[in-house]
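Visitor: everything below, folded, please.
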Amino acid sequence: MANPLAGEVGIWLDGQRHVARLTLGALAGLEADLGAESMIALVERFEGGRFSSRDVMAVLVAGLRGCGWPGGMDDLAAAEIRGGPVGAAHAAAALLARAFRVEEA
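Guide: Here you go, the predicted structure:
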């Protein structure tokens with residue numbers, strides 16, 4: 001079960017539920033892999049609807065790996081993602097939002 005308070009998101013691949021979470025290392029890698037000036041720039045892409053399918057896949061792979069999934073981009077491209085492209089985009093956006101969630105006292 002995914003824990004949203006821990007930044008986790010549930011993602012269904014080929015009928016199997018996985019948990020994803022963006023770690024600090026994954027976030028640093030995403031900046032470089034996606035050519036973003038900063039993570040804020042990547043978040044703004046998603047908020048503004050200017051993200052690409054590659055952005056979505058990179059965020060999902062990074063998040064899945066953050067919870068121990070051994071796959072890569074090719075594995076994700078071959079998988080059936082519950083909700084299709086829209087579900088994948090929602091999951092990627094949720095991962096980014098939860099990674100930057102600020103705890104309130």
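Visitor: what about stretch 70-84, start to end distance?
Guide: 21 Å (CA to CA, to the nearest Å).
Visitor: which positions within it qualify as buried?
Guide: Across stretch 70-84, burial judged by 16 or more other CB atoms under 10 Å covers G71, L76, A79, I81, R82. Every C-beta, even on glycine, is put in place using the N, C-alpha and C of the backbone.
Visitor: tell me which two in those residues are the farthest apart.
Guide: G71 and R82 (15.8 Å; CB to CB).
Visitor: how far off centre is stretch 62-82?
Guide: Between the centre of stretch 62-82 and the centre of its host chain there is 10 Å, according to CA atoms, centre = their mean, to the nearest Å.
Visitor: now that stretch: average pLDDT?
Guide: Average pLDDT, stretch 62-82: 95.
Visitor: please apply the same query to stretch 27-47.
Guide: So the average pLDDT for stretch 27-47 ends up being 81.
Visitor: that stretch: end-to-end distance?
Guide: Termini of stretch 27-47 sit 17 Å apart (CA to CA).
Visitor: what residues does that stretch touch?
Guide: 22, 50-51, 54-55, 58-59, 62, 92-93, 96-97, 99-100 (CB atoms under 8 Å, 6 or more residues apart in numbering).
Visitor: pull out the buried residues from that stretch.
Guide: Buried, per 16+ other CB under 10 Å, within stretch 27-47: L27, G29, L30, D33, L34, A36, M39, L42, V43, R45, F46.
Visitor: before we move on, which element is the first one in?
Guide: Spelled out, it's L27. Here L27, judged by DSSP states H and E, is contained in helix 24-33.
Visitor: run through the helices of the chain in chain order.
Guide: 24-33, 39-47, 53-65, 73-78, 84-99 (DSSP state H).
Visitor: closest one to L5 among those helices?
Guide: Of the helices of the chain, nearest to L5 by CB to CB is helix 84-99, at 8.6 Å.
Visitor: could you tell me the angle between the closest one and helix 39-47?
Guide: 140 degrees (axes from the mean of the first three to the mean of the last three CA atoms, to 10 degrees).
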